[in-house]
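Chemist: Sequence first, predicted coordinates after that:
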Amino acid sequence: MCVCIYIYIYIYIYIYFLPLCFTLSVTVKHSLRYFYTTSSEIPAFPEFVDMGMVNDQVISHYDSITKRKVPKQSWMETVFDQQYWDSTTENLRGAESVFKTNIQIAQKRFNQTGGIHISQDMYGCTWDDETGFTEGFHHIGYDGQDLLAFDVKTATWIASVPQALHSKMKWEMDLSSIESKKSYLTQDCIEWLKKYLDYGKTTLQRTVPPSVSLLQKTPSSPVTCHATGFYPSGIMVSWQKDGQEQHEDVENGETLPNDDGTFQRSTHLKVTGIKEDFIKVLTEFEIQTNWGDPAPNIILIIGRVVALLLVVVVVVGVVIWKMKSKKGVRSERPLSIVICRIHCHLRHYQL
């Protein structure tokens, strides 16, 4: 009996010259923002919503359905008494009436008659741990486009569309209101931000280092350096090779929130290198066997197959070395494990 065995060995060698992935924390910039959102004719959606945020965390909420301002952080509920929530609720009920009127005025200026429309005010300030006050802002938008923005340096309103010019001129005529707004955005807002940071320092000023992973879907896909679970959000993710930061073929993703209040960010590196397929086919003419007891023959065949496999691996290694020499590719140790180093200069900030 003649035993013929066909063995096909496909060996894929992928040689990547990958840089290292670094995550660096940067100076923490704190922010206090308020969002007033007014809408019209959206079913089952409140016509007016107010939301306060510190460092991208919601601290308070009010809407036209519940008509109550409520805390969204445990420390907010602990620090402020019921009188505070009652008084701020009354203020927001008054603001609700004003903003509902404003959206009707906006519809008239844009020659609209009913329908779904959304206007939004965003105002607040940012403060840097090292440099102090950095920015005060107030932006007004309507149906996805900018209407007005307050310039703190010149204490003027900037109209983005002709429909906003009337409001610009009207508001700039009230000099006391202009000065009051500038004072709030550059002074009062910062003071409140500092208070909130102190009240909620166990969460707002905590520092959590990132967990970093390297991901790749297929050998031809970009390599992703994914940092997650870090706080605060001010972190930079970059690629380095031979001590030099890599920008070519790098795509940086946005910083996104996690459900637990931490953040995540990814950066993608397009892999460039050498990819060669080496195929070695063994046929029945290369398989040796003998006659006799079937069981010993099978054992002998298996032993010879293993030996042939080792020979093929050695041959492929020699071929790769020769091809690299011919192509002028410099000799580097293939990276079977990529190390992602994390450099997080984190520290607690005491106000």
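Modeler: Looks like it came in fine. Numbers count the residues shown, from 1 in each chain.
Chemist: use CA for all of it now, contacts and neighbours both
Modeler: Noted.
Chemist: Contact partners for His30?
Modeler: By C-alpha atoms under 8 Å, 6 or more residues apart in numbering, His30 lies in contact with 54-55, 126-129, 193.
Chemist: Just the buried residues of those residues.
Modeler: 54-55, 126-127, 193 (16 or more other C-alpha atoms under 10 Å).
Chemist: Tabulate those (a markdown table), appending distance to Thr156.
Modeler: Below are these laid out as a markdown table (distance: C-alpha to C-alpha, whole Å):
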| residue | distance to Thr156 |
| --- | --- |
| Val54 | 26 |
| Asn55 | 27 |
| Thr126 | 19 |
| Trp127 | 22 |
| Leu193 | 24 |
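Chemist: Dump these to TSV, plus secondary structure.
Modeler: As requested, the buried ones among the contacts of His30 are exported to TSV (DSSP: H, G, I helix; E, B strand; the rest coil):
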residue	secondary structure
Val54	strand
Asn55	coil
Thr126	strand
Trp127	strand
Leu193	helix
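Chemist: For the contacts of His30, which two are the farthest from each other?
Modeler: Greatest spatial distance among those (C-alpha to C-alpha): Val54 and Asp129, at 14.7 Å.
Chemist: hang on, isn't Leu215 packed against His226?
Modeler: Yes: taking contacts as C-alpha atoms under 8 Å, Leu215 lies within contact range of His226: 7.4 Å.
Chemist: Neighbour count for those two, which is higher?
Modeler: Higher neighbour count among Leu215 and His226: His226, with 20 against 13, using other C-alpha atoms under 10 Å.
Chemist: nearest spatial neighbour of that one, skipping sequence neighbours?
Modeler: Among residues not flanking His226 along the chain, Ser266 sits closest, at 4.4 Å (C-alpha to C-alpha, 6 or more residues apart in numbering).
Chemist: the helices in this protein, which residues?
Modeler: 74-79, 82-109, 165-172, 175-183, 189-199, 201-204, 294-327 (DSSP state H).
Chemist: now for the first one, which elements pack on it?
Modeler: The reference is to helix 74-79. Secondary-structure packing of helix 74-79 (3 or more C-alpha pairs under 8 Å, 6 or more residues apart in numbering; DSSP states H and E): helix 189-199.
Chemist: buried sites along the helix it packs on?
Modeler: Within helix 189-199, the residues that qualify as buried are 189-190, 193-194, 196-197, counting by 16+ other C-alpha under 10 Å.
Chemist: got a pLDDT number for Ser213?
Modeler: On the pLDDT scale, Ser213 is placed at 81.
Chemist: begin at 6 from here
Modeler: Yep, numbering from 6; the last one is Ser218 now.
Chemist: To what extent is it buried, counted in neighbours?
Modeler: Ser218, neighbours per other C-alpha under 10 Å, totals 14.
Chemist: Give me the distance between it and Thr272.
Modeler: Ser218 sits 11 Å away from Thr272, going by C-alpha to C-alpha, to the nearest Å.
Chemist: Spit out the residues that contact the two alike.
Modeler: Common contact partners of Ser218 and Thr272 (C-alpha under 8 Å, 6+ apart): 229-231.
Chemist: want to throw those residues into CSV with distance to Lys72 and pLDDT?
Modeler: Converted to CSV, the shared contacts of Ser218 and Thr272 look like this (distance: C-alpha to C-alpha, whole Å; pLDDT from 0 to 100):
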residue, distance to Lys72, pLDDT
Thr229, 45, 85
Cys230, 45, 84
His231, 41, 84
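Chemist: Isn't Ser243 up against Thr272?
Modeler: Yes: counting by C-alpha under 8 Å, Ser243 does reach Thr272; the two are 7.1 Å apart.
Chemist: Right, I'll call it a day here.
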